[in-house]
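Colleague: sharing a sequence plus its predicted fold:
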Amino acid sequence: MSNIVSIHPYFKVHAGQMDAARAVLATFCEKTKTEPGCLYYDFTVNGDVVFCREAYVGAAGALAHLANVSAPLAEMLKVSDLIRLELHGSAAELSQLKEPLAALPVEWFIFECGIGR
């Protein structure tokens, strides 16, 4: 579990833009399904807030994903605002992401303990 990195973005969809946002979600999923480093990837919605639950094999998997979805992310940011962005993982993996993601408002969560199956 020490090499898993999960990303937790929350988007607040602009008024009247939920249909457009949902179309972008389908594009995100289509692009992401080709990524070998993706462990899981799905979206949930609560009113006008869209959340993406996603995890990758290490910092390399997370960076590959972010590069792969740069175009749909740009589209999503036209119809929503990024209101929260969390990255969770081991200190070693997160340290590899701090410089490449320095321009983003990331909240860093360092793995403490857990179980895996």
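Modeller: On my side now, so go ahead.
Colleague: check what pLDDT M1 gets.
Modeller: We have a pLDDT of 59 for M1.
Colleague: mind giving me the packing neighbours of the helix or strand hosting H88?
Modeller: Taking DSSP states H and E as the definition, one finds H88 inside strand 80-89. With contacts defined as 3 or more Cβ pairs under 8 Å, 6 or more residues apart in numbering; DSSP states H and E, strand 80-89 has these neighbours: strand 4-13, helix 91-98, strand 106-110. Where you see a C-beta, it was placed from the backbone N, CA and C, and this is true even at glycine.
Colleague: quick check: mean pLDDT across the shortest one?
Modeller: It stands for strand 106-110. Model confidence over strand 106-110 averages 98 on the pLDDT scale.
Colleague: beta partners of the residue positioned nearest the centre of the chain?
Modeller: Here the mean C-alpha position of the chain is nearest to the C-alpha of I7 (Cα atoms, centre = their mean), at a distance of 4.1 Å. The partner list for I7 in beta bridges (DSSP bridges) reads E54, L87.
Colleague: out of the helices and strands packed on strand 80-89, which is closest to Y41?
Modeller: strand 4-13 (9.5 Å; Cβ to Cβ).
Colleague: who touches that closest one?
Modeller: By Cβ atoms under 8 Å, 6 or more residues apart in numbering, the residues outside strand 4-13 that reach it are 21, 39, 48-59, 61-62, 65, 76, 79-89, 93-94, 97.
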